[in-house]
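Enquirer: Got a sequence here, can you model it:
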Amino acid sequence: MPGGRLTQQERQQIGLGLADGLAYAEIARRLDRPTSTVTREVMRNGGPASYRADLAHRATERRTQRRKPSTATPRGPQTAPQPFGRDPEAVRTYEELFTTVQMASGMPQMMARVMACLTLTDSGSLTAAELAQRLQVSPASISKAVAFLDEQGMIRRERDERRRERYIVDDDIWYQAMMASARSTAKMMETARQGVTVLVPGTPAATRLENVARFLDYVSEAIGRAAEQARDILHTKPDDTPTP
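Expert: Numbering: from 1, shown residues only. Predicted structure coming up:
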């Protein structure tokens, strides 16, 4: 039943697949489910290292029970109209997947939700009130999330004509993220190289660190070079922009 909710047996199969080291796509294939369904299920319930089928099933039941009183009058992004003839449910599902993948890379949940919401908005720009309404969370949650993203250089702030502060996903965000990754890798490389001297060059541990340093040096340089070469891609505009 690919379109229905996951059963307890399916969750047990997910748990067994994770224990066997299977990729999400392989687990999904065995269940005849979309990969996004398995990915979202795992990340909602502790991630691959902490996923427990019985706990995940009980947590889902509790979430379903909490949502029941409001099913007659759903709110938020689930029912928001979509431009360009997009399927609202498909957009909502994809936004959850986008959020889940960012969480898997280490971004906190609320920050990942805000980032996904901004990135998947055609304008790439929303106010705090618009974000709170779309995500159905408190303004305080939005404030904390945008402060984190702003500090990381992933969004920027502007005042619109009504003096409202807007949060904007800049076209260079992914370039900046890649360059930050390159700098972080280079820092790790420098640290590994310092260890070679401490552990005495030529010893097994020092040789291991030297190999790590050379590997990270290559990766850091490759990431930075590739990001520079591909930066213009982020500013590419579609030749024919559809009209809503």
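
Enquirer: check contacts around the residue positioned nearest the centre of the chain.
Expert: Residue closest to the average C-alpha location in the chain (CA atoms, centre = their mean): Q102, at 1.4 Å. Counting by CB atoms under 8 Å, 6 or more residues apart in numbering, Q102 touches 112, 115-116. From N, CA and C alone the C-beta is placed, and that goes for glycine too.

Enquirer: could you pull out the strands for this structure?
Expert: Counting by DSSP state E, residue ranges of the strands within the chain are 125-127, 156-159, 165-168.

Enquirer: can you pull out the helices in the protein?
Expert: Listed in chain order, the helices of the chain (DSSP state H) span 8-19, 24-31, 35-44, 53-67, 88-104, 109-119, 128-135, 139-151, 173-198, 204-230.

Enquirer: Relative to P238, which of those helices is closest?
Expert: Nearest to P238 among the helices of the chain is helix 109-119 (16.2 Å), distances taken as CB to CB.

Enquirer: I'd like the mean pLDDT over the closest one, please.
Expert: Mean pLDDT, computed over helix 109-119, is 92.

Enquirer: swap in stretch 15-34?
Expert: Mean predicted lDDT for stretch 15-34 stands at 89.

Enquirer: end-to-end on that stretch?
Expert: Terminal residues of stretch 15-34 lie 16 Å apart, using CA to CA, to the nearest Å.

Enquirer: Just give me the neighbour total for T191.
Expert: 13 (other CB atoms under 10 Å).

Enquirer: per-residue pLDDT, it?
Expert: Confidence score, pLDDT, at T191: 96.

Enquirer: picking that back up, which one of the strands of the chain lies nearest to M189?
Expert: Nearest to M189 among the strands of the chain is strand 156-159 (30.1 Å), distances taken as CB to CB.

Enquirer: what packs against the closest one?
Expert: helix 139-151, strand 165-168 (3 or more CB pairs under 8 Å, 6 or more residues apart in numbering; DSSP states H and E).

Enquirer: do that again at 6 Å, thanks
Expert: For strand 156-159, the contact count by 3 or more CB pairs under 6 Å, 6 or more residues apart in numbering; DSSP states H and E identifies strand 165-168 as packing neighbours.

Enquirer: now for the strand it packs on, which elements pack on it?
Expert: Partner elements for strand 165-168 (3+ CB pairs under 6 Å, 6+ apart): strand 125-127, strand 156-159.

Enquirer: Break the protein down into its structural domains.
Expert: If you go by automatic domain parsing, the domain ranges for the chain are 8-66, 77-168, 173-235.

Enquirer: how deep is the closest residue to A177 other than its chain neighbours tucked in, by neighbour count?
Expert: Using CB to CB, 6 or more residues apart in numbering and skipping residues adjacent in sequence, the residue nearest A177 is M154, 7.0 Å away. Applying other CB under 10 Å, we find 23 residues neighbouring M154.
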